[in-house]
Structure formats: structure tokens, C-alpha cells
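In: please work out how this folds:
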Amino acid sequence: MYISSMCYGRKVFHQQECRFVKRIKKKNRLYFQDIAAARKGGFRFCNCCSPMTRKYRKERPKIKKIIEDNGLKVQVFDNTLLINNNGVNWKIVLSEDKTKAILLYHANTESNYGLKRVEGHLQFNYHYQRGTENLKCIKHLLEYIIAHDDWRMGTLNSYRTMSRKSKKKRKAYKRARRKARRIAATRVINLLEELDYEDRTRRI
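Out: Numbering: from 1, shown residues only. Coordinates of the predicted model:
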């Protein structure tokens, strides 16, 4: 059984033992038989009692150093762990079906401008990251994210060593250089947009 408030502005639902349930008067309580019913009504999980919050708190001692050493920005929202690795965005999602699988998604390469925000969070277009099926904990997924992004930046910058002796090779070099510059520019724009949003939020 899951509980929400009929009077609260945001459509958030809680597990029965959540501390915020005590603040909801019984006459104002809205009950859901399961998570699917709440989702169907357009509700999201409370950030305090979601399964992802519990998993993150359990693993936090193991991943604290990884987050700090690599400058990761990590935040739980709904049943998702949002991760920003120097302008590259990822999310870890806990499946709400019987499998309870932990899934990794990578944001498509694009600027933040024009993207919708939900309660301050940008709604990127994500794709499922294949090859991560055997990674069952947040620690291993964070290590994968760091290694992936380091490898990708190294690969993108490898165009500098490409041969330009023939016309065909010069064309390949220019394509690789444009791609690297486009992705690097997108990362900078994403970081600037996030900093600008945080600054505007503090002023309100």
C-alpha cells in the first residue's frame, strides 16, 4: 500500500513507513494498491523513501570516495539516481517490476537549452547503456561511468594523431575533429546552463 496527499501540490507518493506520511491528515490521504496504480495517476516516488534512496544510503559509505575523487554530482529523484560527470549526464534506475533490476542510461549528446525541467531536473533523452547487465550495484556502475567517459574523451581527442597525408585521410581527420569539438562544446554548454540555473534558483 502506498500513500499520497490529496492537498499537496506535487504528485508524490510514499511508502507507509515514510516519515512524511505522519504529516498527512487521514482525511486527506490517497491510497494506491501498488506502484503501477500510482504511476498511472502521474505520481512519482518521494525522494525520502523510494527504493533508490534506500539503496543509495546503503551503498553511500562505499561510493563516497568515488564521488568526491571524481567530482561527480549525484542526486536521487523519484526512483532514479541522477549523475553528472563533468557535463555528461547519466541515470541509474531501479526497475519496478518483479525483477528489481538496476538499469543504467546515458543521456544523448545535446545541449540543455530547450529541454523541459521537472522540479528543477532536466529531462534529457536517454538511451539504455548496453553491456552493463552484470553490474548489480551503484559502485560498479559509477566506476563504469567514469571509465566510459575517460575512454570516450580520449578517443575523441585521438584525431590529433590521425594521418593527413591523403585527401581521404584529411576528410576523416576533419570529421573526427568536428565531432570532438561539437561534443566538447555541448559539455561546456551543459555545465554553464546548470550553473546558471543554480544561480537563478539561489536568488529566488
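In: which phi and psi does Arg23 have?
Out: Torsion angles at Arg23 (phi, psi; degrees, to the nearest 10) stand at phi -80, psi -10.
In: how close does it get to Tyr31?
Out: According to C-beta to C-beta, to the nearest Å, Arg23 stands 16 Å off from Tyr31. Where you see a C-beta, it was placed from the backbone N, CA and C, and this is true even at glycine.
In: so where's the chain shaky on pLDDT?
Out: Along the chain, the model assigns pLDDT under 70 to residues 109-123, 155-157, 187-204.
In: quick one, phi psi at the residue lying closest to Asn84 once chain neighbours are set aside?
Out: Spatially, and ignoring its direct neighbours in sequence, Asn84 is nearest to Lys73 (4.0 Å; C-beta to C-beta, 6 or more residues apart in numbering). Backbone torsions for Lys73, taken as degrees, to the nearest 10, come to phi -100, psi 120.
In: so Lys73 sits right up against Ile83, yeah?
Out: Yes - the criterion here is C-beta atoms under 8 Å, and Lys73 meets it with Ile83 at 7.1 Å.
In: residues in contact with whichever helix or strand Leu30 is part of?
Out: Using DSSP states H and E, Leu30 sits within strand 29-32. With contacts defined as C-beta atoms under 8 Å, 6 or more residues apart in numbering, strand 29-32 is touched by Met1, Tyr2, Ile3, Ser4, Ser5, Met6, Phe13, Val21, Ala38, Gly41, Phe43.
In: from the residues you listed, which ones fall inside strands?
Out: Counting by DSSP state E, the part of those found in strands is Tyr2, Ile3, Ser4, Ser5, Phe13.
In: count the residues that sit near the third one.
Out: In other words, Ser4. Around Ser4 there are 23 other residues, counting by other C-beta atoms under 10 Å.
In: per-domain residue ranges of the chain.
Out: Split into domains by automatic domain parsing, the chain comes to 2-45, 51-152, 153-203.
In: between Lys73 and Ile83, which one's more packed in?
Out: Ile83 (24 against 13).
In: list the contacts of that one.
Out: Here Ile83 is in contact with Leu72, Lys73, Val74, Asn89, Trp90, Lys91, Ile92, Leu142, Ile145 (C-beta under 8 Å, 6+ apart).
In: from what I can see the third one touches Asn89, true?
Out: No - the criterion here is C-beta under 8 Å, and Val74 misses it with Asn89 at 11.5 Å.
In: which neighbours do the two share?
Out: Counting by C-beta under 8 Å, 6+ apart, the residues touching both Val74 and Asn89 are Leu82, Ile83.
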